[in-house]
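Colleague: Show me how the following folds:
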Amino acid sequence: MVRILYGVCGVGAGHYMRSKILISELIKKHEVFILAGLAAYDYFKKDFKNVHWIEGLEFAFKDNKVLSLRTILKNIKKISKKNYHLLKNIKIKIDKFDPEIVISDFEPFSIYYAKENQIKSIGFDNEHYLIEGNFNFPGKYKINYFKTKFIINFYKTDETVITIFPNQKLKKESKSIAVRPLIRKELLNAKSKNSNKILVYTSIIKNKNILEILKKSNQEFIIFGSEEEKSENNIIFKKFSETDFNKELINCKAVICTGGMNLISEAIYLGRPMLIIPIRNHFEQILNALYVRTNKYGEFYEELTESNLLYFLNNLEKYKTIKFLPGNKEALNIIIELLKRGKK
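Modeller: Model (predicted):
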């Protein structure tokens with residue numbers, strides 16, 4: 001048995017959904033102290049006992065775009081006496097737990113704690129692909145790339161396990177370990193009932209222009225993430241429920257979303273064509289969208305228009321579908337092997 005401090009980034013559902021798969025297996029044989037903030041904290045509290053709140057870093061968005069200056073200011077405001085005492089108290093709890101290993105899914109405090117206490121750290125995320133991966137991208141995204149690379153370099157761990165899409169590769173000189181995407185158990189071997197709905201999971205519900213474009217289509221859309229449940233013409237608005245979301249994802253005929261890795265992986269696994277509208281200035285999502293387009297899993301548009309929506313909807317049969325082997329067991333075996341190697 002190993003005492004594990006497991007930190008999870010609270011921004012982006014992919015982090016905590018992916019980490020839940022791993023944590024659910026680890027707690028069967030090990031003690032796990034879960035450190036999470038924002039939505040991740042509430043998500044883990046439903047299923048795990050040893051979950052502790054930490055004030056996480058956040059992005060500032062407007063009109064589906066990352067605002068760099070506002071993001072910096074938003075996180076600077078978190079430097080307060082209140083948060084200092086929260087961190088001090090959580091450190092006391094972690095000290096009492098006395099972790100032997102730290103695993104971090106892009107959560108900074110757990111990495112900091114490992115370094116300060118000379119504890120072996122394992123990074124388990126997809127972000128490190130952006131500095132360890134073998135890929136190309138158009139020159140117009142270089143500024144976004146260098147900004148992202150600068151940030152990721154602060155998240156250094158002793159060992160790094162990186163989730164990558166099918167057919168992606170790490171650089172030859174990389175010492176990191178690559179694994180296939182993890183797929184939630186609710187979706188494994190799921191049988192589709194072939195609904196005609198198109199699942200929409202993105203912040204576009206705040207963009208009235210895009211909603212008007214969807215309303216002009218003769219297709220039926222179901223949008224998750226609304227503050228209230230209602231129907232308008234051909235659009236159904238739903239509050240987020242993981243159970244309902246899974247059902248619609250399994251049965252839908254296509255997906256419209258931003259460029260998060262987790263949902264893209266699940267859509268590929270289920271054979272659902274995707275229309276990707278990545279958050280602007282968000283290099284990870286842009287790179288994921290380029291991957292989807294290059295591999296013919298769907299389309300990548302920086303802006304949604306009536307014409308490119310129509311093109312996507314009229315060509316669903318042309319997009320490639322594959323049934324890749326999920327990395328769930330592979331990732332667990334790798335982590336267990338790294339735990340066996342013990343402390344620094």
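Colleague: quick one, strands of the protein?
Modeller: 3-8, 31-36, 51-53, 101-105, 120-125, 159-163, 177-179, 197-201, 220-224, 230-232, 235-238, 254-257, 274-276, 298-300 (DSSP state E).
Colleague: mind showing which ranges of the stretch 1-150 of the chain have poor pLDDT?
Modeller: Low-confidence regions of the stretch 1-150 of the chain, defined by pLDDT under 70, span residues 56-85.
Colleague: Name all residues that make contact with V161.
Modeller: I122, G123, F124, S176, I177, A178, V179, A331, I334, I335, L338 (C-beta atoms under 8 Å, 6 or more residues apart in numbering). For every residue, glycine as well, the C-beta is placed using N, CA and C.
Colleague: got CSV for the strands of the chain, with distance to K142 too?
Modeller: Converted to CSV, the strands of the chain look like this (distance: least, C-beta to C-beta, whole Å):
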stretch, distance to K142
strand 3-8, 30
strand 31-36, 33
strand 51-53, 37
strand 101-105, 27
strand 120-125, 23
strand 159-163, 22
strand 177-179, 24
strand 197-201, 29
strand 220-224, 33
strand 230-232, 40
strand 235-238, 37
strand 254-257, 25
strand 274-276, 20
strand 298-300, 18
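Colleague: Nearest to P326 among these would be which one?
Modeller: strand 177-179 (9.6 Å; C-beta to C-beta).
Colleague: among the strands of the chain, which is nearest I131?
Modeller: Of those, nearest to I131 by C-beta to C-beta is strand 159-163, at 9.8 Å.
Colleague: Against V255, how distant is Y297?
Modeller: Y297 sits 10 Å away from V255, going by C-beta to C-beta, to the nearest Å.
Colleague: Now do the shared contacts for those two.
Modeller: The contact sets of Y297 and V255 overlap at A267, P273, M274 (C-beta under 8 Å, 6+ apart).
Colleague: Show me what the last one bridges to in the sheet.
Modeller: M274 has the following beta-bridge partners by DSSP bridges: V255, G298.
Colleague: For this structure, just list every one of the helices.
Modeller: 13-26, 38-45, 68-76, 81-97, 108-116, 129-132, 142-152, 208-216, 242-251, 261-270, 283-294, 306-314, 328-340 (DSSP state H).
Colleague: what about G342, distance to S121?
Modeller: 13 Å.
Colleague: Which one's more surrounded, the two?
Modeller: Each of G342 and S121 has its neighbours counted (other C-beta atoms under 10 Å); S121 has more, 24 against 10.
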